[in-house]
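Participant: any chance you can model this:
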Amino acid sequence: MPSLTLPYVPHYVAAPPSKETLDYADLAIIDISKADTEEGRDALAIEVREALLNHGFFYVVNHGYSQDQTDRMFDIADLPFSAVSDSEKKVYAGTMKQSGSYQGYKLRQYWHIDAGVHDQIEHYNVNRDVTKRGHPETLRPLLPEIKEFSIHNHFNVLHPMLRLIARSLELPEDTLVNNHDYDAVGETYVRFMKYYPRTEEEEIKTKNVWLKGHTDFGSITILWSQPVAALQILTREGTWRWIRHIENALVVNAGDALDFLTGGYYKGTIHRVVKPPEDQRNYTRLGVFYFVMPNDDVKLVPMAGSPVLQRAGIQSRCDDSEAQTMEQWRKARTSAYGQSELENSKEKGVEQEVINGVLVKHYN
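Facilitator: Below is the predicted model:
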């Protein structure tokens, strides 16, 4: 019989939660375990609709992973950074600008943040098809667990959420599920991400902003909650609010693709990363994500058959005849991010660029 013993992985010790008083966003908490019944799905679809309209961010709890399983994934997530040499990292570095794909490493100081300061963020990205490319030696024994993690995110979190979103739009439940096929060609992937403390000079030059306000370019992003406070969302009222850590919860947000597909009804939410509070300032910040995109061949046009969208009025960001596929959009956004020259907008604190004919804003 095969061994049930998992490969040894050193335990990653995260920062204790901040004790500082922060202005947290009041986000909905969606108990996804209630989606097992018709009555539960009806109630959750209303909750999801309100959450997406109010903030575009919400928590998901009771998602099927125990705290021990989540802790194990954070232990694995640290390995690409703590157990791989700089020289090996370069071997597996991604070619974002050339290929429009984040697969592999995004090394530190690749993105320009502001005033000549580049990022102090590393991430390692693994396509849900873990065999799509090679991986550092230390990760190879752990690929079966990473694959299982991807499968769990896709079928036990993503697909139930997509069914609730479709229901909230009065569409057949599998409308969006069919556009997010696990086996289709696409870029949906697991990301391990590590933020490192910066110098005081870097903080001053960037006004404490580690990542400018932006939208994600997929349909939704699933972030596994972690204790270092740094993520903020721009509320509908125009103020920045912190995202609170909830143990073993997921933080889910809408992105560009959902915005396109719903004709602006569910907008991609602007969010940024800033310097952590004083009591967490010297800790690294380790993130675990599942970035979700429709299949590469999906054309990003509004789902005009939705009675909800018909009543609300569809506000397309471009003419349907000029709409691009998910592959075209993700490649263009990936190639440009942190590398392109931004123009000042008429809006205060906003820079902008045009990508494939679509105006994209960055908030500082």
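
Participant: just give the number of residues close to the closest residue to residue 120 other than its chain neighbours.
Facilitator: Sequence neighbours aside, residue 196 is the residue nearest to residue 120 in space, at 4.4 Å (criterion: Cβ to Cβ, 6 or more residues apart in numbering). No exception for glycine: its C-beta is placed from N, CA and C like everyone else's. Neighbours of residue 196 under the rule other Cβ atoms under 10 Å: 14.

Participant: find the residue at the geometric middle of the chain.
Facilitator: Against the mean C-alpha coordinate of the chain, by Cα atoms, centre = their mean, the closest residue is residue 221 at 3.5 Å.

Participant: tell me the secondary structure at that residue.
Facilitator: At residue 221 the chain is in strand, as set by DSSP: H, G, I helix; E, B strand; the rest coil.

Participant: any idea what it is bridged to?
Facilitator: Assessed by DSSP bridges, residue 221 has beta-bridge partners residue 253, residue 291.

Participant: re the thing from before, any idea how far residue 283 is from the residue nearest to residue 120?
Facilitator: Taking Cβ to Cβ, to the nearest Å as the measure, residue 196 and residue 283 are separated by 10 Å.

Participant: ok, residue 300 next?
Facilitator: Residue 300 sits 38 Å away from residue 283, going by Cβ to Cβ.

Participant: comparing these two, which shows the higher neighbour count?
Facilitator: Higher neighbour count among residue 300 and residue 283: residue 300, with 23 against 18, using other Cβ under 10 Å.

Participant: show me what contacts that one?
Facilitator: By Cβ atoms under 8 Å, 6 or more residues apart in numbering, the contact list for residue 300 reads 257, 260-261, 294, 323-326, 329.

Participant: and what of residue 160?
Facilitator: Counted by Cβ under 8 Å, 6+ apart, residue 160 has contacts 32, 35.

Participant: can you tell me the element it falls in?
Facilitator: Using DSSP states H and E, residue 160 sits in helix 159-168.

Participant: let's test this: mean pLDDT of that helix, rounded?
Facilitator: The pLDDT scores in helix 159-168 average 98.

Participant: pull the CA atoms of that helix into PDB?
Facilitator: Taking Å, rounded to 0.1, in the frame of the first residue of the first chain, the C-alpha atoms of helix 159-168 are listed here in PDB:
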ATOM      1  CA  HIS A 159     -17.800  26.200  -8.500                       C
ATOM      2  CA  PRO A 160     -20.300  26.600  -5.600                       C
ATOM      3  CA  MET A 161     -19.600  30.400  -5.600                       C
ATOM      4  CA  LEU A 162     -20.100  30.600  -9.400                       C
ATOM      5  CA  ARG A 163     -23.400  28.800  -9.100                       C
ATOM      6  CA  LEU A 164     -24.500  31.300  -6.400                       C
ATOM      7  CA  ILE A 165     -23.400  34.200  -8.700                       C
ATOM      8  CA  ALA A 166     -25.300  32.800 -11.600                       C
ATOM      9  CA  ARG A 167     -28.400  32.300  -9.400                       C
ATOM     10  CA  SER A 168     -28.100  35.900  -8.300                       C
END
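
Participant: next up, the contacts around the nearest residue to residue 231 once chain neighbours are set aside.
Facilitator: Excluding its sequence neighbours, the residue lying closest to residue 231 (Cβ to Cβ, 6+ apart) is residue 243, at 4.3 Å. Neighbouring residues of residue 243 by Cβ under 8 Å, 6+ apart: 24-25, 27, 57, 229, 231-233, 251, 271.

Participant: do that again at 10 Å, thanks
Facilitator: Residues near residue 243 by Cβ atoms under 10 Å, 6 or more residues apart in numbering: 22, 24-25, 27, 55, 57, 59, 223, 225, 229-233, 251, 253, 271.

Participant: among those, which are in strands?
Facilitator: Within the contacts of residue 243, residues falling in strands by DSSP state E are 57, 59, 223, 231-233, 251, 253, 271.

Participant: tabulate these in CSV, adding columns for neighbour count and distance to residue 122.
Facilitator: Formatted as CSV, the ones in strands among the contacts of residue 243 follow (neighbours: other Cβ atoms under 10 Å; distance: Cβ to Cβ, whole Å):
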residue, neighbour count, distance to residue 122
57, 23, 24
59, 19, 26
223, 23, 17
231, 26, 17
232, 22, 21
233, 22, 24
251, 23, 21
253, 26, 22
271, 25, 20
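
Participant: so can I have CSV of those residues showing distance to residue 182?
Facilitator: Below are the ones in strands among the contacts of residue 243 laid out as CSV (distance: Cβ to Cβ, whole Å):
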residue, distance to residue 182
57, 25
59, 24
223, 20
231, 27
232, 32
233, 29
251, 22
253, 21
271, 26
